[in-house]
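>>> Predicted model follows, preceded by the sequence.
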Amino acid sequence: MKKSLILLSAAAAFFTTQVANAATLDDVKKKGELTCGVSTGLPGFSQPDSKNNWSGLDVDVCRAVAAAVLGSADKVKYIPLTAKERFTALQSGEIDMLSRNTTWTHTRDTSLGLNFAGVVYYDGQGFMVTKKLGVKSALELNGAAVCIQAGTTTELNLADYFRFKKMKFKPVVFDTSDQTVKGFESGRCDVLTSDQSQLYALRIKLKDPKSAIVLPEVISKEPLGPVVRQGDDQWFNIVKWSLFAMVNAEEFGVTSKTAGDAAKNSKNPGIKRLLGSAGDAGPKLGLAKDWALKIITQVGNYSESFERNVGKGSALKIGRGLNALWSKGGLQYAPPVR
Amino acid sequence: MADAQRHRSSAARPSLWNDPKARSIVFQTIAIVGVLLFFYYIFQNTLANMEQRGITTGFGFLNNEAGFGILMSLIPYDESNTYGRTFIVGLLNTVLVSFVGIIFATILGFIMGVARLSRNWLIAKLAAVYVDSLRNIPLLLQMFFWYIVVLQTLPGARQSYNFLDSFYLSNRGLNVPSPVFEAGSIGILIALVAGIIGAFVFHRWAHKQQDVSGKQYPVFLVSLGLIIGLPLIAYFVTGMPISWDVPVLGGFNFQGGITIIPEFMALLWALATYTGTFIAEIVRSGIQAVSHGQSEAAHALGLHNSPTLRLVVIPQALRVIIPPLTSQYLNLVKNSSLATAIGYPDLVGVFMGTSLNQTGQAIEIVAMTMAVYLALSLIISFLMNIYNARKALTER
């Protein structure tokens, strides 16, 4: 590889290479809409309804970035991607950002030319079995057939866990999460494994949701977050701070309903700096002064988004758990805007 | 005289531009160099882009630990093996399903092709229905259909169909006992090899005898007896040194024995029936291409239908059948890549699916997979071309 590197730098001097000068912010403003990579349909994270309106926690991150950059959270084009295509789509420039319940891992951060812009959901991998099997813990699963989705960290964590506990298993690998559910329902496999949030979402899709239980063991760390390309630091900052703005808003207690009023009348200098009535956080990012105000009025703060998509206001009813604010015993912590 | 000689010698060496041969060489060289330069440029451009974006390149990833399990593997494999080994496992799975698929498709295709020409109305119509229905439905849909049929109609592991307490059929697969070869079993292998050689030798001797004296010997039965009988005798003589590892239902699945997974069965069935329709049509066209006078002459000599077909028509029909048959074999190999849709761990599913996603090195992996399919196809067409050359009409 060394020799060809020398050769290619000589070649690069001769031939004009079509390397995109990574200014995603300018591209998005020129296009007038944000192209966002999402999943093919995962309740709570990114799912279209019957009129092709997308909603979910990942979708809200996209909407926040669109609100910050373009002024309107609705100026987003959603591209559904399978687990196999997601990174290639981002690397090639087909999408501006990837918000697809993607786990932040070392390999993905270093060898794919991508950057993770924060964690929107701290998750872990778990198991789901039918109640009929009478299994109460993952340690009783020796020899089971397990349905997995292809090309995810789920496959690796599963293999590690079973190897560590000296148990054997048979992996049955499918392309989409819908096929894994069908395989589980038809009895092809005994266990369905995925991130816990996905398990709760997939359980709703079963014909008889009450027939399946989620086992208590959480066997891995799955910090899910938005992803952008390397080499574009300004865009990286924009996506990162859009998410931080939502978390900071929850910390300050500012909601979508009170944000407009708080921007004008709040006595808290921190709130004024966040919402743009003081300081110049927006222009430093290359955005308008009211970038965070637009995010919060149009999308809401982190807790509003959470409860609406995966919490009390949704069918999944997942508790805040690890995703509560740091001050309430969870892990969501946003650096201050100052 | 001198003038004519001088004129001739200068005419023998025209200028480079006017000599058609020199011109063609020059143009072809320019074209080749142009194409090579083009591919070189594309290659370097890709490398430059990937370097710039921080994407790792190179084949070093093949030595990294894979970390994931594979459902079915012909060689020992576990999660601590490398990505290079997953490549081999996927390749072997693809070769297995292609090989068995080709055999089944050929048998099915030949039977159906001949059946369509049968004078029995029902058989001919059944073959026609088979060909016309399965030929027109996309293979992917057929694959899903057979997979769903296999999964939904077969019972769960705990209520599997049980044959002699050794063979179990359920939606987890077909479990058969596997032979465990103990110390004395090398004798059986030697007897098997001896049986095959003996059958071969008898075959040649019987044909020579038929050329000389016209007497026919029962070659097929004697060969069968040798190939099966000799190893059987060796088995008993060496004290029955094969024991059977019978599958036993324990916990969730069967332990022991060989499991033939339902994905393999569904894939094999779909590939064999789909490709079989095309082979049936090729066989039919081959048989109809043989002049009718041949079978009339054979009947005049007193041969019945079956020997006529076997000894006179089909050998001549093979010349028409083999080239399109090669294409169908190649199609079958390439169609086996659809296996990822139903979860069979073939090369595309294991290497171009999971390994690609884990390492992110799309270009290297896709290039390797394409090279494998190209190599497989070239090998098959090479072998079939040898066979074709041997079946060619030899002039006396």
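Sure, I can see it. Numbering: from 1, shown residues only, chains lettered A, B, ... in the order given.

>>> which residues of chain B score low on pLDDT?
Within chain B, the stretches with pLDDT under 70 are B:1-14, B:16, B:395-396.

>>> Contacts only, for the residue nearest to A:Thr40 when sequence neighbours are not counted.
Spatial nearest neighbour of A:Thr40, excluding adjacent residues (C-beta to C-beta, 6 or more residues apart in numbering or on different chains): A:Pro80 at 4.5 Å. All C-beta atoms are positioned from the backbone trio N, CA, C, and that covers glycine. Residues near A:Pro80 by C-beta atoms under 8 Å, 6 or more residues apart in numbering or on different chains: A:Val38, A:Ser39, A:Thr40, A:Gly41, A:Ser46, A:Pro48.

>>> Determine which two of those residues are furthest apart.
Maximum pairwise distance among those (C-beta to C-beta): 10.2 Å, between A:Ser39 and A:Pro48.

>>> between these two, who's got more neighbours?
Neighbours were tallied for A:Ser39 and for A:Pro48 using other C-beta atoms under 10 Å in any protein chain shown; the higher tally belongs to A:Ser39 (25 against 16).

>>> Thought A:Ser46 was touching that one, still the case?
Yes: between A:Ser39 and A:Ser46 there is a contact under C-beta atoms under 8 Å: 4.7 Å.

>>> Overlap in contacts, those two.
Joint contacts of A:Ser39 and A:Ser46 (C-beta under 8 Å, 6+ apart) are A:Asp58, A:Pro80, A:Arg100, A:Asn101.

>>> Please, where are all the strands along the stretch 1-150 of chain B?
Using DSSP state E, counting those that start in this stretch, the strands of the stretch 1-150 of chain B do not appear at all; there are none.

>>> Chain A contacts on that one?
B:41, B:44-45, B:47-58, B:67-71, B:78-80, B:148 (C-beta under 8 Å from any C-beta of the partner chain).

>>> and the residues you listed, which of them are in helices?
In helices, judged by DSSP state H, the following of those are found: B:Tyr41, B:Gln44, B:Asn45, B:Leu47, B:Ala48, B:Asn49, B:Met50, B:Glu51, B:Gln52, B:Ile148.

>>> Enumerate every residue touching A:Val218.
A:Gly124, A:Gln125, A:Gly126, A:Gln196.

>>> how about 10 Å then?
If a contact means C-beta atoms under 10 Å, 6 or more residues apart in numbering or on different chains, then A:Val218 has A:Asp123, A:Gly124, A:Gln125, A:Gly126, A:Phe127, A:Ala138, A:Asp195, A:Gln196, A:Leu322 as its contacts.

>>> Point me to the residue of chain B nearest chain A.
Sorted by distance to chain A under C-beta to the nearest C-beta, the residues of chain B start with B:Asn357, at 2.9 Å.

>>> Now for the nearest residue to that residue once chain neighbours are set aside, how many residues are close by?
Nearest residue to B:Asn357, sequence neighbours excluded (C-beta to C-beta, 6+ apart): A:Gly151, at 2.9 Å. When neighbours are defined as other C-beta under 10 Å, A:Gly151 has 22 of them.

>>> next one: A:Ser92
With other C-beta under 10 Å as criterion, A:Ser92 counts 13.

>>> Quick check: it touching B:Ala362?
Yes: counting by C-beta atoms under 10 Å, A:Ser92 touches B:Ala362, with 9.5 Å between them.

>>> In chain A, mark out all the strands, start to finish.
Secondary structure of chain A (DSSP state E): strands located at A:34-38, A:47-48, A:54-55, A:76-80, A:97-103, A:114-116, A:121-123, A:125-130, A:144-149, A:169-174, A:191-195, A:212-214, A:222-229.
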